[in-house]
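> need the 3D shape of this:
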Amino acid sequence: MHASAPRGLVGMLAAGLTATVIFVAAGAASSPNLTSFTNIAAANPKAPGFTAPNILSPELTEAAVAQGSMRLENGTASVPFYGYDGDGTLVPLPGTNAEATKSEPDKNTYLVIDGLNGADPGVDYGTHFLFQGHEGGAPGYITRINLDADGAHRLTLLTTTDSTGAPLPNFDGSTWDPWAKRLLFTAEFGPKTGVWQATLDVPAKAEDISGALGRGGYEAIQNDSDGNLWLVEDIGGARGTGANANARQPNSFIYRFVPQNPSDLTKGRLQALQLISLRTGQPIVFHAGQPDADILSDDMKDLHTYGKVFQTRWVTLHDTAADGLAPFSANALAKTKGATPFKRPENGQFRPGSHFTEFYFDETGDTNALSSANTDFGGWGAILRLTQASPSADTGTLTMFFKCDRAHSGFDNSAFFTRDQVAFVEDAGDTLHAQRNALDSGYLFDANTDYSNPANQAVRFLAQGRDASATIDSSLLGSPGFRNDGDNEITGIHVSDGDPGPHGILGDRIPKPFNPDGHWRAFYTQQHGDNVTYELLRG
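So this is what the prediction gives:
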């Protein structure tokens with residue numbers, strides 16, 4: 001399946017894109033090895049009116065594979081560009097704050113596959129593709145980066161509507177399901193969000209499958225080897241009162257969908273994760289209308305304490321065989337059925353080589369340095385590790401792997417770079433950027449390391465910069481009528497060999513990015529601003 005095709009810098013330059021090669025001033029690196037990334041000493045500061053370049057460990061470079069202002073080969077009046085809607089200029093005209101709505105391409109999914117067509121029937125689109133849903137603007141849409149194609153055919157709009165003709169929502173998460181042979185996209189905004197499945201070609205057929213998987217603030221979606229789907233939900237909770245006014249109630253859940261048949265994702269059981277309190281022996285549950293009862297609860301403190309081990313079990317929320325196929329609120333059912341809420345989980349990955357028995361997921365937390373929950377109750381967020389005897393096991397254990405702090409907070413996307421090393425990247429937001437005077441970073445963690453020991457530190461391999469467009473947007477943020485976000489953020493970190501079969505699902509094989517054979521590739525998107533998607537390469 002790995003057909004010979006333009007790759008890396010060669011393929012990128014052939015498509016007319018620009019290479020970006022940025023180093024830390026840390027000395028020359030010889031024979032780069034993933035396990036020896038040089039730590040970047042500090043994040044880029046947030047300085048009003050100043051841009052900043054991305055800084056990478058010297059063992060890495062990055063090359064742009066798509067940029068927001070690049071035209072789609074089959075764009076429409078409402079969706080003409082990769083990262084901008086057609087409702088304005090790409091930067092504000094002098095004296096105004098009006099600009100086109102930015103679509104914010106999000107989670108990346110890489111596939112190596114033959115026989116895909118594009119908008120131009122006379123073009124060979126190659127075999128290497130990167131898919132995204134878009135998180136902002138209207139309508140929502142799905143794009144495909146044709147990594148082997150020239151500039152004119154580099155970016156393809158797959159669809160803006162579902163199979164009924166309804167506009168797509170804004171998407172965040174994505175993955176490829178090898179049993180159903182469908183791309184899966186998750187939407188995390190409002191009561192009509194959920195999961196859509198889509199075909200790979202043009203025009204793509206997109207179907208809402210929320211009658212089986214429910215409506216929820218789903219951000220991440222991931223297969224396991226049994227064909228189950230794991231969903232991570234990000235819904236901000238109610239603010240606390242008094243001293244807790246800058247903290248939010250845990251309000252999101254971890255889900256597992258168990259299909260009746262892995263090739264058909266429209267029927268099956270949706271479950272949610274439940275933790276048992278170390279203090280009472282009862283499930284840790286959501287308290288409706290009582291945010292303060294959860295924000296500073298003993299259970300939240302235990303959950304964010306190193307060494308505490310929680311017993312877990314999956315509770316069934318909905319079964320299509322008994323409950324039918326009408327869309328339903330997964331978040332509401334999780335609360336009524338006694339599942340355990342978390343502080344805005346965003347993404348999760350199975351540890352390669354664990355046979356899908358170790359699942360790592362992050363909590364974004366409150367992203368506010370003034371939160372009363374920061375020190376002991378998960379306000380900065382955390383990385384949690386769920387361990388089970390098998391991916392379909394009904395019970396397991398959960399521990400905190402890493403307790404976040406001011407410098408490591410707002411974690412969003414994640415990807416394993418090796419069997420033991422997992423990257424988590426920040427989306428801390430403009431408020432926390434200003435409070436700590438630091439833009440986002442990407443960190444590499446070792447699954448075998450005890451981070452309760454302060455001597456053990458994660459390696460910063462990426463200090464996100466701020467491009468000119470994001471710098472302008474940051475200065476306009478909050479002004480009347482301005483509709484875009486501010487600073488750049490890191491999203492869509494993705495490491496894959498592109499295999500579309502069952503052994504290609506993330507967590508099955510041991511990743512080997514940056515090897516000379518080029519089969520494993522790594523990508524991320526610098527969201528907001530110019531909305532550039534990069535490939536990470538050897539330095």
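
> against residue 484, how distant is residue 139?
Look at residue 139 and residue 484: by C-beta to C-beta, to the nearest Å, they are 17 Å apart. (C-beta placed from N, C-alpha, C; glycine too.)

> just checking, residue 189 touches residue 217?
Yes: using C-beta atoms under 8 Å, residue 189 is in contact with residue 217, at 7.4 Å.

> which of the two has more neighbours?
The neighbour comparison of residue 189 against residue 217 (other C-beta atoms under 10 Å) goes to residue 217, with 25 against 15.

> next, give phi and psi for the closest residue in space to the more buried one that isn't next to it in sequence.
What sits nearest to residue 217 in space, not counting adjacent residues and going by C-beta to C-beta, 6 or more residues apart in numbering, is residue 235, at 3.7 Å. Here is the backbone geometry of residue 235 (degrees, to the nearest 10): phi -130, psi 120.

> so what pLDDT did the residue nearest the centre of the chain get?
Centroid check for the chain by C-alpha atoms, centre = their mean gives residue 413 as the closest residue, at 3.6 Å. On pLDDT, residue 413 comes in at 96.

> so which helix or strand takes in it?
strand 411-416 (DSSP states H and E).

> again, but for residue 448
Counting by DSSP H and E, no helix or strand carries residue 448.

> run a quick neighbour tally on it.
By other C-beta under 10 Å, the residues close to residue 448 number 8.

> name the SS class of the closest residue to residue 511 other than its chain neighbours, please.
Spatial nearest neighbour of residue 511, excluding adjacent residues (C-beta to C-beta, 6+ apart): residue 495 at 5.0 Å. Classification of residue 495 by DSSP: H, G, I helix; E, B strand; the rest coil places it in strand.

> can you give me the strands in the stretch 401-539 of the chain?
Secondary structure of the stretch 401-539 of the chain, counting by DSSP state E, counting those that start in this stretch: strands at 411-416, 421-426, 441-446, 459-463, 489-496, 521-527, 532-538.

> for the fourth one, give me every contacting residue.
Strand 459-463 is contacted by residues 37-44, 54-57, 60, 423, 425, 439, 441-444, 490, 524 when judged by C-beta atoms under 8 Å, 6 or more residues apart in numbering.

> for the third one, same thing?
For strand 441-446, the surrounding residues in contact (C-beta under 8 Å, 6+ apart) are 37, 40, 43, 383, 401-402, 408, 417, 420-426, 451, 458-464, 490, 493, 524.

> got the contact list for the residue nearest to residue 318 when sequence neighbours are not counted?
Leaving aside its chain neighbours, residue 318 sits nearest to residue 270 (4.7 Å; criterion: C-beta to C-beta, 6+ apart). Taking C-beta under 8 Å, 6+ apart as the criterion, residue 270 is in contact with 212-214, 255-258, 316-319, 330, 333.

> next secondary structure element downstream of the stretch of helix or strand residue 270 belongs to?
Per DSSP H and E, residue 270 falls inside strand 264-275. Helices and strands here follow DSSP H and E; after strand 264-275, the next one along the chain is helix 291-295.

> list the buried ones in the helix or strand following that next one?
Going down the chain from helix 291-295, the next helix or strand is helix 298-303, by DSSP H and E. Neighbour-count burial for helix 298-303, counted by 16 or more other C-beta atoms under 10 Å, picks out 299-303.

> what lies in contact with the helix or strand immediately after helix 298-303 in the chain?
Next helix or strand after helix 298-303 toward the C-terminus (DSSP H and E): strand 310-319. Residues from elsewhere that reach strand 310-319, judged by C-beta under 8 Å, 6+ apart: 214, 255-256, 268-276, 278, 302-303, 328, 330, 333-334, 337-339, 386, 388, 394-399.

> so where's the stretch 51-200 of the chain uncertain?
Residues of the stretch 51-200 of the chain that meet the criterion pLDDT under 70 lie in 190-191.

> the strands in it, which residues?
Going by DSSP E, counting those that start in this stretch, the stretch 51-200 of the chain shows strands at 55-56, 60-66, 105-112, 128-134, 142-146, 155-159, 174-177, 182-186, 195-198.

> helices or strands up against the shortest one?
Taking 3 or more C-beta pairs under 8 Å, 6 or more residues apart in numbering; DSSP states H and E as the contact definition, the neighbouring helices and strands of strand 55-56 are strand 459-463.

> now the strand it packs on, how far from the centre of its chain.
What separates the centre of strand 459-463 from the centre of its chain is 17 Å, taken as C-alpha atoms, centre = their mean, to the nearest Å.

> ok, stretch 314-331 next?
Worked out by C-alpha atoms, centre = their mean, stretch 314-331 lies 25 Å from the chain centre.

> what are the buried residues along it?
Under 16+ other C-beta under 10 Å, the buried positions of stretch 314-331 are 314-320, 323, 327-331.

> want to throw these into TSV with pLDDT and distance to residue 353?
Formatted as TSV, the buried residues of stretch 314-331 follow (pLDDT from 0 to 100; distance: C-beta to C-beta, whole Å):
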residue	pLDDT	distance to residue 353
314	98	23
315	98	29
316	98	30
317	98	31
318	98	33
319	98	33
320	98	33
323	98	37
327	93	37
328	95	36
329	96	37
330	96	31
331	96	33
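
> what is the nearest of these to residue 109?
residue 330 (22.3 Å; C-beta to C-beta).

> that closest one against residue 212, yeah?
No: Residue 330 is not in contact with residue 212 according to C-beta under 8 Å; the separation is 10.5 Å.
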